[in-house]
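**Student:** with the input below, show me the fold.
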Amino acid sequence: MKRHLLGSAILGVAVLLAFPAGALQTEPEEVVLVDVNLASYDENGQVTIVAEFRNIDEFDPERMVISQDGAVIEGFEVLEIEDSSVQVGVVLAIDISGSMEGEPLEAAKEAAIRFVNQKRGQDSIALVTFSDQVNFLVPFTDNARTVTARIGELEAGGGTAFYDAMVRSAQLYAAAPGLQPHIIALTDGSDSGSSADIEEAIAQVAEGEVRVFGIALESDDFAGDPIRQITDASSGLYLATTDPAQLDSLYDQIRSELNNKVVLRFNATQNAPSDVDFAIQYENLRSNETVSVPGFVASDVVATVPADRQLAAPEPYVITSTLPAPAGMLRAVAVIAAAAATLGVAWILFGPKEESQQDQLRRRLATYERGPEQEQRRGIFQIGLLRGLSDRAESVAKRRGLLYSVNAALEQANIALRPGEAIALALIGAVLLGGLVGAVTGNFVLGALVLLFAFILVLAALNFLGRREKLKFEDQLPDTLTLLATSLRAGYSLLQAIEAVSAEAPLPTGREFGRAITEIRLGRPVVEALEGIADRTQSEDFAWAVMAIEIQREVGGNLSEVLNTVADTMLQRNRLRREVKALTAEGRISAFVLSAMPFGLFAFLYVSNRSYLDPLLGSIIGLGALLGGLVFMAVGIYWMIRIVDIDI
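**Tutor:** This next block holds a predicted model:
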C-alpha cells in the first residue's frame, strides 16, 4: 500500500513539473455580450452583436439562442470572428525591468513576435513597455512588421512600474473606439515605482471595458496577487509559469481565447424608438444588454391620424450656417472687393484711349530698351497708384542695393517687367492672398504666414524660371558656336555671323543674339554686346566663349577654329554633366523624398488626427523639440543637396 501511495505521489509531482503553472488552471465558462452594433438599425432593424465565449472548448452554433425582450429571434446569422470584419485591438504590455534581463526577455520577445505575426490583417496591435517608467513605443497599427521590429529592439533595465503600464494601456483605447479592447500584460516581478496604485489600474481597465490577459513569469520576488486581481476584475485570463520557454504556449492559449468570439446578425422587430433588451443564451450560460434602438419605418405599416386630432403646424425651417469669420469682417472684405472691381471696370470703360506725344516717344525708345512684347505687358502700370507703388519699390530696392540683383533675375528669366514693377506685383499678390486666407479662416496669424510663404514662392518661381532659361541657353550653346564658326568659315564677318545666329537659332538663343544685334546697331561694341548676353543669362560657358573671341580679336588667329574648339569642349562638358545627373538621380530623388516626408506626414496628422500632435504643439518641451527638429532637418537637407550637387 505504501508503494502505491509513493508511486502516486511521484506521478503527481512529475505531472506538475511537466506542465507550466497556469496550464492546469481552469477558469469558469462564461458567455459575454461584448458589443451591440445598431449602425444599420434604421434599415429594417438590422442588428450586429459580438459575443464572446470564454473558457469554452468547443462551440456549437446550434445551441445558441437570441431573444429580444424575451421573444426568441429566428433565422440569425452566425460568423466566427476570423471570418468577420470586426476589428480586435490588443495592447502588448511587456515588462523590461532589470529582472527580465537575459533568457526571460529573449523568450518574451520571441513569443510576442510570434503572436503578432499570427494576427488577422484587420486587427490592430499597440506596444507598451514598462520598467522605471512606461514607454509608449508603437500606437495601434495593423502593420505587424512595425510592431515586431520594435519588439526586437527591447532591452532590460530598471524597476517595474506595472500599475502605471495598466493605466496607460487602458487609456490608449480612448483614441481607438472601433477596436475590441484587450491587454496582454507580461511581468515577472511585483510593482516598484508606479505613481498609480492597483485601485486606479482596476478602475481604468473597468472604465474602458478592457479585458486583461495576465502572463506571470514567476521569479523569486514575484507577487502574483496584483496581476491576478486585475485580470479577475476584467473577467480576463491569468496564466503563470516559471519556465520562459513555455511563454509560446501561454500566448497560444490567449490567441484561442481571443478567437472564441462570434458575430451574430439578425433583424429585430421593434420599429419604434425604445429600450430593447437583447439576450444571448448558450446552454445554461446567459448574457444580456439593454440598448436604445432608433426605430425604423416598416414597409407594411400605414400611419393614420384620428379624425378628431389636428396635426400641429410644422415649425418654420431655419437655415443656419457657421461663418468662417465674423460677419462684419466679411462685409468689409466684400465692400473692398466690390469697390476694386468697380474701379477696374470704370478704368477699362473710361480710361485714356490716346497716347500723348511724350508717351509715344517713351514707348518707341522702350522698344530698344526692353523689347516690344514687354511694353505691352506693362500697360497696367499706367495707373497712377500702381505706377507710384512701382516707383517707390524700385527706389527702396535701389537704396538697399537689391536693384541690380532683381533686374538680373528678371533678365535671366525673360520676364518683361522693371524691378519695381515685379516687386510691386509680388507684394500685391502676397497681401491679397494672405488677407483672403486671414478673412476666411479668421486667423490672421495664418494669413501672415501665407503672405510670407507667397512672397517666398514668388522668389522661388523667379529663380526657377531663370535657371530654366539658363539651362536651355547652355544646352544650345555648342550648336550656337558651331553655327558662328561655320558662318565665319563661309566668309561672313563676325557681325554677319551673329545676325545669322539671331535669325536661325531657337529661343532663347535667337532672342538674346537679336537683342545683341540691336545694341550693336545703336553703337555698342560687339564684344560688350556679347558680354551683355553672358550677364543676362548668367552663363559662365558663354562668358568663356566671349573671352576667346576677345583674345582672338586682339592677337589675331583663326576665329572659326577657336570657336570649334570651344564648342567641342562645351559639348563634352554637357555630356559629362548629363552623365553625372543620371548617376545622381537616385540620390536627388531620395533627398527630395526625405526632405518632404516629415512635412507631409505632419500635415496629414494635423488634418486627420490633430490630437495626436497635441503633446508636440501644446507644451514647451514639444515646441522646443519641434524647433530643434527643424534645425537638424535644415542641416540634413543642406547636406543632402551638397552631396548630389557636383560641379562640372
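**Student:** please count neighbours and contacts with C-alpha atoms only from this point.
**Tutor:** Noted.
**Student:** in terms of secondary structure, what does the helix or strand in which Ile520 is found contact?
**Tutor:** In this assignment (DSSP states H and E), Ile520 forms part of helix 509-521. Here helix 509-521 touches helix 444-489, helix 494-504, helix 526-537, going by 3 or more C-alpha pairs under 8 Å, 6 or more residues apart in numbering; DSSP states H and E.
**Student:** for it, what is the distance to the chain centroid?
**Tutor:** Remark: helix 509-521 is offset 50 Å from the chain centroid, using C-alpha atoms, centre = their mean, to the nearest Å.
**Student:** got the contact list for it?
**Tutor:** Applying C-alpha atoms under 8 Å, 6 or more residues apart in numbering, the external contacts of helix 509-521 come out as 368, 473, 476-477, 480, 495, 498-499, 501-504, 526, 529-530, 532-533.
**Student:** can you list the weak-confidence ranges in the stretch 251-400 of the chain?
**Tutor:** 296-390, 392-394, 396-398, 400 (pLDDT under 70).
**Student:** got the domain ranges for this protein?
**Tutor:** Domain ranges of the chain: 89-234, 327-335+364-454, 466-578, 585-644, per automatic domain parsing.
**Student:** between the ones you listed, which one is nearest to Glu289?
**Tutor:** Proximity to Glu289 (C-alpha to C-alpha) singles out domain 89-234 among the domains of the chain, at 14.1 Å.
**Student:** start and end of that closest one, how far apart?
**Tutor:** 15 Å (C-alpha to C-alpha, to the nearest Å).
**Student:** so where do the strands sit in the chain?
**Tutor:** Under the criterion DSSP state E, the chain contains strands at 30-37, 46-54, 64-68, 71-72, 77-80, 89-95, 124-130, 134-141, 182-187, 211-217, 237-241, 261-267, 274-282, 285-293.
**Student:** how close does Ala424 get to Val458?
**Tutor:** Ala424 is 12 Å from Val458, where distance means C-alpha to C-alpha.
**Student:** who has more neighbours, these two?
**Tutor:** A count of neighbours by other C-alpha atoms under 10 Å puts Ala424 above the other of Ala424 and Val458, at 22 against 18.
**Student:** got a pLDDT number for that one?
**Tutor:** pLDDT, Ala424: 74.
**Student:** can you check Val116 too?
**Tutor:** pLDDT at Val116 comes out at 90.
**Student:** chain neighbours aside, what residue packs nearest to it?
**Tutor:** What sits nearest to Val116 in space, not counting adjacent residues and going by C-alpha to C-alpha, 6 or more residues apart in numbering, is Ala144, at 6.1 Å.
**Student:** which residues does the one you found contact?
**Tutor:** 116-117, 125.
**Student:** Ile73 and Met64 touch, don't they?
**Tutor:** No: using C-alpha atoms under 8 Å, Ile73 and Met64 do not qualify as a contacting pair, with a distance of 10.7 Å.
**Student:** which non-adjacent residue is nearest Ala529?
**Tutor:** Per C-alpha to C-alpha, 6+ apart, closest to Ala529 is Ala516, 5.2 Å.
**Student:** separation between the one you found and Val205?
**Tutor:** Distance from Ala516 to Val205, counting by C-alpha to C-alpha: 82 Å.
**Student:** and for Gln171?
**Tutor:** 8 Å.
**Student:** more crowded one of the two?
**Tutor:** Val205 (26 against 16).
**Student:** tell me the spacing between the residue nearest to Ala529 and Gln476.
**Tutor:** Distance from Ala516 to Gln476, by C-alpha to C-alpha: 17 Å.
**Student:** same thing with Asp164?
**Tutor:** Look at Asp164 and Gln476: by C-alpha to C-alpha, they are 70 Å apart.
**Student:** same check, this time on Asn407
**Tutor:** Separation of Asn407 from Gln476 (C-alpha to C-alpha): 24 Å.
**Student:** swap in Asp275?
**Tutor:** Using C-alpha to C-alpha, we find Asp275 at a distance of 81 Å from Gln476.
**Student:** the more surrounded of the two?
**Tutor:** A direct count of neighbours by other C-alpha under 10 Å for Asp275 and Gln476 places Gln476 higher, at 17 against 13.
**Student:** disregarding residues adjacent in the polypeptide, which is nearest to that one?
**Tutor:** Counting by C-alpha to C-alpha, 6+ apart, Gln476 lies nearest to Thr509, which is 7.2 Å off, once chain neighbours are set aside.
**Student:** distance between the ends of stretch 99-108?
**Tutor:** Chord length of stretch 99-108, first to last residue, is 13 Å (C-alpha to C-alpha).
**Student:** so for it, mean pLDDT?
**Tutor:** Summarised as a single mean, pLDDT over stretch 99-108 is 87.
**Student:** Val72: how many residues sit nearby?
**Tutor:** There are 12 residues near Val72, going by other C-alpha under 10 Å.
**Student:** which strand residues bridge it?
**Tutor:** Counting by DSSP bridges, Val72 is bridged to Ser67.
**Student:** I figured it hits Asn267, correct?
**Tutor:** No: using C-alpha under 8 Å, Val72 is not in contact with Asn267, being 11.8 Å away.
**Student:** what sits against the nearest residue to Thr486 once chain neighbours are set aside?
**Tutor:** Spatial nearest neighbour of Thr486, excluding adjacent residues (C-alpha to C-alpha, 6+ apart): Ser560 at 7.0 Å. Neighbouring residues of Ser560 by C-alpha under 8 Å, 6+ apart: 484-486, 488-489.
**Student:** what about Gly447, how many residues nearby?
**Tutor:** Residues lying near Gly447 (other C-alpha under 10 Å) number 23.
**Student:** should've said Leu451
**Tutor:** There are 24 residues near Leu451, going by other C-alpha under 10 Å.
**Student:** and it, how far is that from Leu457?
**Tutor:** Leu451 is 10 Å from Leu457, by C-alpha to C-alpha.
**Student:** tell me the one of the contacts of Ser560 nearest Ala603?
**Tutor:** Leu484 (53.6 Å).
**Student:** which ones are touching that closest one?
**Tutor:** Contacts of Leu484 by C-alpha under 8 Å, 6+ apart are 494, 497-498, 500-501, 560, 563.
**Student:** Throw those into CSV and include distance to Gly434 and pLDDT, thanks.
**Tutor:** Listed next are the contacts of Leu484 as CSV, based on distance: C-alpha to C-alpha, whole Å; pLDDT from 0 to 100:
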residue, distance to Gly434, pLDDT
Leu494, 53, 83
Ala497, 51, 86
Ile498, 48, 86
Ala500, 49, 87
Val501, 46, 86
Ser560, 56, 83
Leu563, 52, 84
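**Student:** need those residues in a markdown table with distance to Gly158, can you?
**Tutor:** Shown next, in a markdown table, are those (distance: C-alpha to C-alpha, whole Å):
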| residue | distance to Gly158 |
| --- | --- |
| Leu494 | 84 |
| Ala497 | 83 |
| Ile498 | 81 |
| Ala500 | 83 |
| Val501 | 79 |
| Ser560 | 81 |
| Leu563 | 76 |
